[in-house]
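Engineer: Need coordinates for the below:
(chains A and B)
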Amino acid sequence: MNSTPSFEELKSSLAPELDILEKKRIKIRNRQLLRIITFTVLILGICVYLGITTNRLDRGLFLGVGFSWFAIYIILQRSNDERFFYKQKIITPFVKALFEEGTYCHFGGIDEDILTASKLFKKPDVYWTEDFMEGRIGKTSLQFCEVKVEMHPKLTKSEKEVSGRPVTIFKGIMFLADFHKHFNTNTVVRQKRFLRPEKMQRVKLENIEFERRFNVYSMDQVEARYILSASMMERMLELEKKFKRKVQFSFVDSNVLVAINNKRDNFEFNIWRSVYHPSVLKREYDLINALIGIVEDLNLNTRIWSKE
Amino acid sequence: MFIALGIVVLIFIVYISCYNLLIRKRNQVTQAFGSIDAILKKRFDLIPNLVATVQQYAAHEKDTFANITELRNKSYSGLTEGEKVNLDKELSAARRSFFAVAENYPQLRASENFMQLQRSLNETEEQLSAARRAYNAAVTDYNNSVQMFPSSVVASMSNFTPKEVLVTPEAERQNVDVKKLFNS
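Structural biologist: Below you'll find the model as predicted:
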């Protein structure tokens, strides 16, 4: 692969698109500001007027502020046009430049069956994905996307009745890559607070720090240790430090699945900040690079075992 | 009377529980040793490839592998426990020699056989290391039960003795720089 283009190189190659996007952004921002001011003045005015005429100014003000907030919320709902433009004209070139054979799909995602097979979560009631990126780094094929996993809270012991709104049990980024060793069973590395998945045994490992951070469960004690060599455990600990987020791993179907907790909605266009602001595109560039860097972090391109 | 009977029953239940626990953990140790044995067998099966590859590209180095060439003529299941332990040592030494010999033979290093064999040897070595770690974890778990109260009392009454963990030989602690071999 050619060397990774620097952020400045990429940004300058996207100058025409950035110009268009910035013009769009200013236009949309001004339109939104105008709407917000108009609606706020209008709603507040009507409510205050009604409050004065009914001798209930306090209630009028209260309702006015409430309705204004609601109106602003509706107005601020993202318009899809500039979102798609941003993803198509800015994020896609980023992916193509940083990956080998890189592709980007706004609505795509890692297959739900892989998530279920990973045993990181039970089969979700709601599985939502976006910003799917796929490609290859050296010999390792990889994909990642933003994911939200929701489950209905179980109300009865029979676990048949479900009620209420589903609860988000994971929001963040899922990363899937081809692992550099062959294995046949499933091994899961979970945060301490999670319980043992069904039909799996606890694997106690020698690395004290690793044991303090994670619980390892597997169907095969030897294979779990084959995957989690001393250096791999260190690398996984470093990975968690790098992202500064809760990270979990599952080794399934000869792949490694990494779930990184992250409440933030990434790869989204912000009309309130200029596209030329130093942090705007840099954050997307750094995040994609950090995710691609997992291949190096976990040493997945070292193919000295029988899997080529 | 009932209190005394209750205490006896309680002691009996604790004894049975501890005894079963010790049996379960000892079986886990045996099972873990079985995994090592299975991977040793896998490594044993690589001997013909190793010998053939060396003979093809570095015929006059075959004396280096005289010991394992001899072992190659036996069947793994026919080996005694002692021979298996020796085999383990011989194969570890042979692996190191194999890589050392390869350093002097560019043709050998470049051959498809060598590359495949190198990958297979690395894989079985890593699997063997994992099996040894699993065995040591099972032994540690078993030893803890043998030495900790109250199961230690049952262990001493029923002749459960601590087992030794496997120690990596000094020579194996020096890692072979396989990356260097690939790149050279």
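Engineer: Tell me which helix or strand the closest residue to A:G293 other than its chain neighbours sits in.
Structural biologist: Among residues not flanking A:G293 along the chain, A:K242 sits closest, at 7.9 Å (CB to CB, 6 or more residues apart in numbering or on different chains). Quick note: C-beta positions are derived from backbone N, CA and C, even for glycine. Assigned by DSSP states H and E, A:K242 belongs to helix A:230-243.
Engineer: Show me what from chain B comes close to chain A.
Structural biologist: B:32, B:35, B:116, B:118-120, B:122-123, B:126-127, B:129-131, B:133-134, B:137-138, B:141, B:178-179, B:182 (CB under 8 Å from any CB of the partner chain).
Engineer: now these: which count as buried?
Structural biologist: B:32, B:35, B:118-120, B:122-123, B:126-127, B:129-131, B:133-134, B:137-138, B:141, B:178 (16 or more other CB atoms under 10 Å in any protein chain shown).
Engineer: what's the pLDDT at residue 136?
Structural biologist: Went with chain A since none was named. The per-residue pLDDT reported for A:R136 equals 91.
Engineer: hmm, I had chain B in mind actually
Structural biologist: 89.
Engineer: Surely it and B:L166 touch.
Structural biologist: Yes: if you go by CB atoms under 8 Å, B:N136 and B:L166 touch, sitting 5.9 Å apart.
Engineer: Neighbour count for those two, which is higher?
Structural biologist: A direct count of neighbours by other CB atoms under 10 Å in any protein chain shown for B:N136 and B:L166 places B:N136 higher, at 19 against 14.
Engineer: Return the residues in contact with the more buried one.
Structural biologist: Shown in contact with B:N136 (CB atoms under 8 Å, 6 or more residues apart in numbering or on different chains): B:V165, B:L166.
Engineer: Let's verify A:I114: helix, strand, or coil?
Structural biologist: helix (DSSP: H, G, I helix; E, B strand; the rest coil).
Engineer: Near it, how many residues? Count them for me, please.
Structural biologist: Neighbour tally, A:I114, other CB under 10 Å: 16.
Engineer: Who are the contact partners of it?
Structural biologist: Here A:I114 is in contact with A:L176, A:V252, A:D253, A:N255, A:L257 (CB under 8 Å, 6+ apart).
Engineer: Against A:I137, how distant is the fourth one?
Structural biologist: Computed with CB to CB, to the nearest Å, the distance linking A:N255 and A:I137 is 14 Å.
Engineer: what about those two, which has more around it?
Structural biologist: Shown here are A:N255 and A:I137; by other CB under 10 Å, A:I137 has more neighbours (22 against 19).
Engineer: Now intersect the contacts of A:I114 with the helices, please.
Structural biologist: In helices, judged by DSSP state H, none of these are found.
Engineer: ok, A:T185 - contacts?
Structural biologist: Contacts of A:T185 by CB under 8 Å, 6+ apart are A:S218, A:M219, A:D220, A:E223.
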